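Peer 1: below are the sequence and a predicted model; questions follow.
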Amino acid sequence: MSIRLDIVTAERVVFSEDVDSVIAPGIEGQLGVLPHHAPLMTTLHTGELRVRKAGEEFSIAISGGFFEVRPDRIIVLADVAERAEEIDLARAEHAKQRAHEELQRRPKGVDLAVAEASLRRALVRLKVGQRKQRRPPPVI
């Protein structure tokens with residue numbers, strides 16, 4: 001049994017396939033969805049969206065947006081969404097360091113909420129991107 005998952009940003013369709021389950025970073029915590037889940041709509045928090053398909057699990061870094069469950073599909077309208085293989089780990093590490101430094105120095109004119117959000121996004125991107133590297137190669 002599967003359900004269609006569509007992940008869309010303003011720029012592109014990030015993912016559109018049938019999946020077995022989804023765990024999303026809802027605004028009030030992790031939200032797990034299986035086929036035949038009750039319809040719902042909620043907002044997303046910056047975090048890791050985990051997808052299980054045919055016994056395999058993979059992750060997508062999400063930064064905000066909306067999560068809708070319909071009888072036949074799950075729709076994610078994300079502000080930003082990146083598959084693990086798309087993440088540049090060096091760039092994400094640099095963004096993490098820059099945000100961390102801003103939070104420590106607290107320079108005048110820097111919005112701390114924006115710096116904290118930047119740090120959270122960078123940490124999620126690193127987590128998702130590093131997970132891709134730890135995955136063993138497929139057996140042929």
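Peer 2: Structure's in. What do you need?

Peer 1: the chain: helices as residue ranges?
Peer 2: With DSSP state H, the ranges of helices along the chain come out as 89-105, 112-134.

Peer 1: can you get me a residue count around residue 106?
Peer 2: Summarising burial for residue 106: neighbours were counted as other C-beta atoms under 10 Å, giving 9. Placement of C-beta: from N, CA and C, glycine included.

Peer 1: I'd say residue 68 and residue 43 touch.
Peer 2: No. Using C-beta atoms under 8 Å, residue 68 makes no contact with residue 43, being 10.5 Å away.

Peer 1: ok, residue 70 - contacts?
Peer 2: Taking C-beta atoms under 8 Å, 6 or more residues apart in numbering, we find residue 70 in contact with residue 39.

Peer 1: so how far is residue 129 from it?
Peer 2: For residue 70, the distance to residue 129 (C-beta to C-beta, to the nearest Å) stands at 30 Å.

Peer 1: tell me the most buried of the helices of the chain?
Peer 2: Highest mean neighbour count among those (mean count of other C-beta atoms under 10 Å): helix 112-134, with a mean of 17.

Peer 1: contact partners of it?
Peer 2: Here helix 112-134 makes contact (C-beta under 8 Å, 6+ apart) with 46-48, 58-63, 80, 82, 84-85, 87-89, 92-93, 95-96, 98-100, 102-103, 106.

Peer 1: could you give the angle of that helix to helix 89-105?
Peer 2: Angle of helix 112-134 versus helix 89-105, following axes from the mean of the first three to the mean of the last three C-alpha atoms, to 10 degrees, is 150 degrees.

Peer 1: so for residue 3, which of the helices of the chain sits nearest?
Peer 2: The minimum distance between residue 3 and the helices of the chain falls on helix 112-134, with 21.7 Å, by C-beta to C-beta.

Peer 1: got the CA positions of that closest one in CSV?
Peer 2: Extracted C-alpha coordinates of helix 112-134, given in CSV (Å, rounded to 0.1, in the frame of the first residue of the first chain):
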residue,chain,number,x,y,z
LEU,A,112,18.8,37.2,16.5
ALA,A,113,15.7,35.3,15.3
VAL,A,114,17.0,35.4,11.7
ALA,A,115,20.5,34.2,12.9
GLU,A,116,18.9,31.4,14.9
ALA,A,117,16.7,30.4,11.9
SER,A,118,19.9,30.4,9.6
LEU,A,119,21.7,28.2,12.1
ARG,A,120,18.7,25.8,12.3
ARG,A,121,18.6,25.6,8.5
ALA,A,122,22.3,24.9,8.2
LEU,A,123,22.2,22.2,10.9
VAL,A,124,19.3,20.4,9.1
ARG,A,125,21.1,20.6,5.7
LEU,A,126,24.3,19.2,7.3
LYS,A,127,22.3,16.4,9.0
VAL,A,128,20.5,15.4,5.8
GLY,A,129,23.6,15.8,3.6
GLN,A,130,25.8,13.7,5.9
ARG,A,131,23.2,11.0,6.1
LYS,A,132,23.6,10.5,2.4
GLN,A,133,27.4,10.0,2.8
ARG,A,134,26.9,7.3,5.6
